[in-house]
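> Return a 3D structure for these sequence lines:
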Amino acid sequence: MTLVERADLWTEDRKVATREAERRIKAAELSVVRLAFADQHGVLRGKTLTVGEIDAALKNGVGFTTTMLLKDTSHRTVFPVWQPGGGFGMKELEGAADVLMLPDPTTFRVLPWAPHSGWMLCDIYFTDGRPMPLCTRHICRSALQTLGERGYDFVAGLEVEFHLFKLEKAKLGVADSGQPGEPPDVSLLNQGYQYLTEQRYDEMDPILEILRTNLVDLGLPLRSIEVEFGPSQVEFTFRTGTGLAPADAMVLFRSATKQVAQRHGYHATFMCRPKLANVMSSGWHLHQSLTDRKSHANIFMDGREPLSEAGMHYMAGLLAHARGAAAFSTPTLNGYKRYRPFSLAPDRATWGRDNRGVMVRVLGGPGDPATHLENRIGEPAANPYLYIASQIVSGLDGLDRKLDPGPSADTPYDAKAAPLPRSLAESLAALGEDKALRAGFGDFFVDYYLRLKQAEIDRFDLDVSDWEQREYFSLF
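Numbers count the residues shown, from 1 in each chain. Purely as a prediction, here's the structure:
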C-alpha cells in the first residue's frame, strides 16, 4: 500500500490531479521538479528530484529529517533530538529520524524563472499515513475543516508590503558565514515618501515588471502593484481566494519574489522593519470574510447595517484573542516595532469603519456583497498557515460565544481597549494563557511553538546590541 493510500488521500480527484501533473511535466520537457514544504516559519524547504523519480514521490512521498521542523530562525535545532522523545515527548523525533513530504499535485507549477523546473507544495506525514502534527499546512487545513463543519468557507485577500533593494554586495566571504550569516549590502531603488507617485513607481518599474511577469506566469492572482510610503517599499495585493489557496499563494509569492529578485541583482525582504536609515515598517493586512457553504452568500453582509450580527461576533473574536494570536500574526522580535501610535499601524485591539488606525477595519456596507474585515495586525514575515488559522480559531470563538466587539474606535489611538503586545515575549505569554487558541491549535502544538520562539528570544537576550554599546561603553 502506498503512502497516499495509507493517508486515505487516493481519491478520484487526487488521481486526476496526479495524472495532470505528470502530463504537464512530460509536455514541458522538464528536467527536475522541486518539492517544497512550508516549515514552522513559513519558509519553503524541500528537495529537488529528477523527473524520473516524481511518479514514486507522488505516491510514496520523499523523506527528510524531522530536525527541519525543530529549528528557529537562525536554523539552529532547538530541541534535544538525541534524548528520549526528541526532547518533546514524541518518539518519532528521536535521533533526527525521517518523516515524509507528500506532494500535492493540485499545486503543480512550472517555475517561469527556471523553466526546466517544476514545483509542487507538499504536506508532511508519518510513514504510517498519519499527518505530522507540526506541519503548519495541516494546522490550517484542520481549522478550515472545523469552519466547514459549521457550514462556512473562509475567503481571504492579501495585501502585502515589503522592501525591494538593489543588491550591492552579497556577503560570501569565509568570515561572513554563520548562523545566521552576514546580511548583504544594499542600496535604495527610490528615496520614498512620495506615496503613490508615478515617478517613484517608474524608478522601480524595471524590477517590478520582471516580478509581475513571473508572478502572473506562476498563476498567482496578482491584483495591484503600488509604491508605498517608505524608501524602496512596495505593496502587492492579490484577489480573494478560498480555503488554503491564499496561504499557499503567500508562501509561493514570498519565495518567488526573493528568488527572482536575487537572479536580477536585487534583494527583496519581508522583514518588518529593516535596520536601514529612514525605512518604514511593512505590514501584511489580511482581508477576510465567511461565506455560506450552501448558498455561497457572504454572511458578513447585512441589508441595513455595515456588518451583520455574525460578522460582529466574528470580529469580536479577533479582538478578544488579538494578544495571543499576535504570536502567529507577528512571530518575529522585529515585528513589534511596528505597533506604534499615530503610525497607520494598530497599537491596541480596536475596530472601526474605514479607519486605518484600528486593528480591524470594516469595509463595505449595507447590501454590499463584498463586505469584509481587514485585519491590519500582521507582519509580512508571518507563517500564512498559522496567521490564517489564528483568525479562524479566534473568529469562531466569537461566533460561538456571541461576543460583542464594543463600540467602534473613531479615535483609535485614544480608545480604551486592550493594548497589543509590545514584544514577542508578551504575545507568547498571552498565547500560553489563551484557552480558545490552545483548543483550536492543540496544547501539543502551542507548547512546541512557545518553546521554539522562546529560543529565539533567549538568543536575542544574550546578544550585545549596538544600542547597549553606544549607551554604556563610554559612560561607565
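> Report the contact partners of P274.
Contacts here follow CB atoms under 8 Å, 6 or more residues apart in numbering; on that basis P274 touches H163. The way it works is simple: take the backbone N, C-alpha and C, and place the C-beta from them, glycine included.
> what lines up beside the longest strand along the chain in the sheet?
For the chain, the longest strand by residue count, based on DSSP state E, is strand 152-169. Strand 152-169 pairs in its sheet with strand 185-187 (antiparallel), strand 233-242 (antiparallel), strand 266-269 (antiparallel), strand 284-292 (antiparallel), by DSSP bridges.
> In CSV, list those strands along with distance to Q391 and mean neighbour count.
Output for the strands paired with strand 152-169, formatted as CSV (distance: least, CB to CB, whole Å; neighbours: other CB atoms under 10 Å):
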stretch, distance to Q391, mean neighbour count
strand 185-187, 33, 15
strand 233-242, 14, 20
strand 266-269, 25, 22
strand 284-292, 6, 22
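> Helices along the stretch 201-350 of the chain, start to end?
245-263, 309-320, 322-329 (DSSP state H, counting those that start in this stretch).
> Can you tell me what sits against the shortest one?
For helix 322-329, contacts defined as CB under 8 Å, 6+ apart pick out 284, 286, 318, 349, 359, 375, 377-379, 382-383, 386-387, 389-391, 393-394, 418, 420-421, 424, 426-428, 430-434, 437, 449, 453.
> Torsion angles phi and psi at the residue nearest the centre of the chain?
In the chain, the centroid-proximal residue (CA atoms, centre = their mean) is P384; its distance is 2.4 Å. The phi and psi torsions at P384 (degrees, to the nearest 10) take the values phi -60, psi -30.
> What are the structural domain limits within this protein?
The chain breaks down by automatic domain parsing into domains covering 3-132, 144-468.
> Number of residues surrounding Q83?
Neighbour count of Q83, defined by other CB atoms under 10 Å: 12.
> if I look at the closest residue to it other than its chain neighbours, how far off is Y448?
Closest residue to Q83 apart from its sequence neighbours, by CB to CB, 6 or more residues apart in numbering: E94 at 7.6 Å. To Y448, E94 is 15 Å away according to CB to CB, to the nearest Å.
> Please apply the same query to Y339.
Applying CB to CB to Y339 and Y448 gives a distance of 25 Å.
> same check, this time on P105
29 Å.
> Now the nearest residue to R356 once chain neighbours are set aside: phi and psi?
Excluding its sequence neighbours, the residue lying closest to R356 (CB to CB, 6+ apart) is L344, at 5.2 Å. Dihedral angles of L344 (phi, psi; degrees, to the nearest 10) stand at phi 60, psi 20.
> Which positions in the helix or strand harbouring Q199 come out as buried?
Using DSSP states H and E, the element containing Q199 is helix 198-217. In terms of neighbour count (16 or more other CB atoms under 10 Å), helix 198-217 has its buried residues at R200, Y201, E203, M204, I207, L208, I210, L211, N214, L215.
> The last one reaches L222, doesn't it?
Yes. Using CB atoms under 8 Å, L215 and L222 qualify as a contacting pair, with a distance of 5.1 Å.
> Need the overlap of contacts for the two.
Common contacts of L215 and L222, defined by CB under 8 Å, 6+ apart, comprise F236.
> CA atoms of stretch 173-186 as CSV?
C-alpha atoms of stretch 173-186 as CSV (Å, rounded to 0.1, in the frame of the first residue of the first chain):
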residue,chain,number,x,y,z
GLY,A,173,33.5,35.7,2.2
VAL,A,174,34.6,32.9,4.6
ALA,A,175,34.3,35.2,7.6
ASP,A,176,30.7,36.2,6.6
SER,A,177,29.3,32.7,7.2
GLY,A,178,27.5,31.8,10.4
GLN,A,179,24.1,31.1,11.9
PRO,A,180,22.8,33.4,10.6
GLY,A,181,25.3,34.8,8.1
GLU,A,182,26.0,38.4,7.4
PRO,A,183,23.2,40.3,5.5
PRO,A,184,24.1,41.8,2.2
ASP,A,185,24.9,45.4,1.4
VAL,A,186,22.1,47.1,-0.4
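> I appreciate the help and will end here.
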